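Enquirer: need a structure here:
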Amino acid sequence: MPATEIILPVAHYDLAATLDSGQVFRWRQIEGSWHGVVGQHSVRLTQIESGICAQTFSPVADWSFLREFLQTQIDLPAVLKTFPDDAPMNAAVTSCSGLRLLRQDPWECLASFILSSTKQIVQIRQIVALLCERFGEPSLGAGPACFPLPQRIAAACEADLRECKMGFRAPSLLAAARQIDSGKFDLEKIRTLAYAEAQHQLMTLRGVGEKIADCVLLFAYGFDSAFPVDVWIERALQELYFSRRRASDQRLRKFAATHFGPHAGYAQQYLFHYMRTKVK
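Expert: As a prediction, the model looks like this:
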């Protein structure tokens, strides 16, 4: 039974779209509620008329960790007003109403997206689940294990990581964990940098290209100008904005950098989820 429960009042919030839109990989829907781990807490979230009912399986005195993760304080209508007023964007907003960007732990986000390379979402979830099961500490209360800390991964060997079905991504994850554990790479420093420098610094890590760096900047650090371009976004831009002629990658990136406004990353997530779930 849950040890603690709170109602988080929030409007314009679609919990299912948010947790199932490719930002995070550890949440499962069971009997109408979403089960996952935030930090050390095993959490159950249920959408209700007035907002979100949150339950944990260990006592919680300060719920700020969950409010921060869920980004319930964001004025979503104000963000949406900054999007371009064009047919594709309007269709994505209508179809994905209430979709929010989460604010994740930087290490968990970085490690998860290193493991995401060339994988579909269902496969990423399987790899991350195996990694947590094998290397994560127990969460507070019932539920899955916590995401393993960098030092735990750094102490592992590549063969052990490969047993989590991550394949060629194992050396990249191991290298990142060891750089962070040794102090050679400071995840907290990224918060203090301008976008271009933050992106550059993340890309010095093995296995981190422009797309993964932008995912981490957007989903963990709140750089709303970051605009990750993967196959779904490339398809969205080509089909929805350049349907008459194929645009080069350089043209697509230049267009994305200027067209979608100050919250371009938010717009990207709407286009991503729209293409993945609505467009046939």
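
Enquirer: wait, doesn't residue 12 sit right on residue 79?
Expert: No - Residue 12 is not in contact with residue 79 according to CB atoms under 8 Å; the separation is 9.7 Å. The C-beta positions use only the backbone N, C-alpha and C, and glycine is treated the same way.

Enquirer: Neighbour count for those two, which is higher?
Expert: Using other CB atoms under 10 Å, the more surrounded residue of residue 12 and residue 79 is residue 79, with 18 against 14.

Enquirer: Need the pLDDT of that one.
Expert: pLDDT, residue 79: 97.

Enquirer: Can you tell me the closest non-neighbouring residue to it?
Expert: The shortest distance from residue 79 to any non-neighbouring residue, by CB to CB, 6 or more residues apart in numbering, is to residue 263 (5.0 Å).

Enquirer: how much space between that neighbour and residue 30?
Expert: Look at residue 263 and residue 30: by CB to CB, to the nearest Å, they are 32 Å apart.

Enquirer: do the same with residue 150
Expert: Distance, residue 150 to residue 30, using CB to CB: 30 Å.

Enquirer: more crowded one of the two?
Expert: residue 150 (20 against 8).

Enquirer: Could I get the full set of strands for the protein?
Expert: 4-9, 28-30, 33-38, 41-48, 51-56 (DSSP state E).

Enquirer: The shortest one: partners in the sheet, and parallel or antiparallel?
Expert: In other words, strand 28-30. strand 33-38 (antiparallel) (DSSP bridges).

Enquirer: pLDDT averaged over the strand it pairs with - what is it?
Expert: pLDDT averaged over strand 33-38 gives 96.

Enquirer: Taking strand 51-56 as reference, get the angle to that strand.
Expert: Counting by axes from the mean of the first three to the mean of the last three CA atoms, to 10 degrees, strand 33-38 points 60 degrees away from the direction of strand 51-56.
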